[in-house]
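A.B. asks: based on what follows, work out the 3D shape:
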Amino acid sequence: MWVALVLALLLVPALAPAQAVSDPTPLQYRSAEEEARFHSLAAELRCVQCQNQSLADSNAQIAHDLRREVLTLMQQGNSDAQIKQFLVERYGEFVLYRPAMDTRNSLLWFGPLVLVLGGAGVLVWVVRRRSRQVQPMGESEERW
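C.D. replies: Have a look, this model is predicted:
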């Protein structure tokens with residue numbers, strides 16, 4: 001009984017692969033220009049699973065599927081803007097490495113600049129205030 005249980009437990013991991021098997025066939029490009037355009041576009045898109053890798057760099061299964069989808073859309077005659085719009089509608093603006101600037105994300109674009117300018121303003125104010133408080137030494141005071 002125990003031997004059968006141990007064997008069953010040892011065989012379970014072999015029966016449940018961690019990730020689905022992807023299509024092993026490489027992507028087929030029609031021309032060198034199409035391949036260059038594909039690689040350029042894949043570098044501008046973010047993997048939705050890895051989050052800090054581009055679609056071109058990611059080795060996740062969804063990245064493989066999205067690369068195939070992007071190439072299919074390219075071969076159907078869609079422009080880069082149409083492909084990006086398709087992916088944004090499907091996965092959100094997170095999929096773009098360089099999202100368009102609008103009112104929703106203006107703080108992300110201009111926030112660091114506002115913080116730096118505000119810090120510089122506070123620094124100038126503190127230095128001027130302290131320089132007015134320093135009294136010059138009189139003639140009777142010792143000097144080094």
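
A.B. asks: do you know how far the closest residue to K84 other than its chain neighbours is from N105?
C.D. replies: Closest residue to K84 in three dimensions, ignoring its sequence neighbours and counting by Cβ to Cβ, 6 or more residues apart in numbering: L96, at 6.4 Å. The C-beta positions use only the backbone N, C-alpha and C, and glycine is treated the same way. Distance, L96 to N105, by Cβ to Cβ, to the nearest Å: 11 Å.

A.B. asks: now the residue most central in space within the chain: which helix or strand?
C.D. replies: Closest to where the C-alpha atoms of the chain average out (Cα atoms, centre = their mean) is N52, at 4.5 Å. Under the criterion DSSP states H and E, no helix or strand holds N52.

A.B. asks: mind listing the helices for this protein?
C.D. replies: Assigned helices in the chain, in chain order: 2-15, 32-44, 61-75, 80-91, 106-133 (criterion: DSSP state H).
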